[in-house]
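S.K.: Turn this into a structure:
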Amino acid sequence: MTAKQSWAEGMTVFAGVMLMIAGVLGITRGIMAIAEDEVFVNTPNYVFQFDLTSWGWIHLILGVVAVLVSLGLFSEATWARVSGVAIGALVIIANFLSLPYYPVWSVVLIGISALIIWALCVERRKFGT
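M.R.: As a prediction, the model looks like this:
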């Protein structure tokens, strides 16, 4: 195994772990929002305004799917790499749209999701070489 192949495998594992963490955090954030916890900011004049319960369900569903996809990344499944990039993009969009409700954490998850997408898009090892 070459250094380049080791690097690519390491990035896939990194993406899997980070996607698992982002998914678990999304699940907990979704549960907090569904329970209408007091940690969220009330924004009365926001263009993309949903009620807090709607945002909670969006983050909960994305979190569950992210955890499932991260499990597929550990088996190096191609569907998981493609799905991981898609879920990472959806997490970025969801966190951008919910910035006014929980601004610092949204920025953190946008950064984590960008790293996940980057890690999944690096060159992966080619089979048979």
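S.K.: For residue 67, give me its contacts.
M.R.: Neighbour list for residue 67: 19, 20, 23, 24, 27 [criterion: Cβ atoms under 8 Å, 6 or more residues apart in numbering]. (Glycine included, C-beta is placed from N, CA and C.)
S.K.: need the contact list for the third one.
M.R.: Contact analysis of residue 23 by Cβ under 8 Å, 6+ apart lists 62, 63, 64, 65, 66, 67, 68, 69, 70.
S.K.: try the first one
M.R.: Applying Cβ under 8 Å, 6+ apart to residue 19 gives the contacts 66, 67, 69, 70, 73, 84, 87, 88, 116.
S.K.: any idea how far the second one lies from residue 60?
M.R.: In this view, residue 67 and residue 60 are 11 Å apart by Cβ to Cβ, to the nearest Å.
S.K.: Now for the two: what residues contact both?
M.R.: residue 27.
S.K.: one step back: need the buried ones from the contacts of residue 23 selected in PyMOL.
M.R.: Remark: buried members of those, expressed as a PyMOL selection using 16 or more other Cβ atoms under 10 Å:
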select buried, resi 62+63+65+66+67+69+70
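S.K.: Right, I'll call it a day here.
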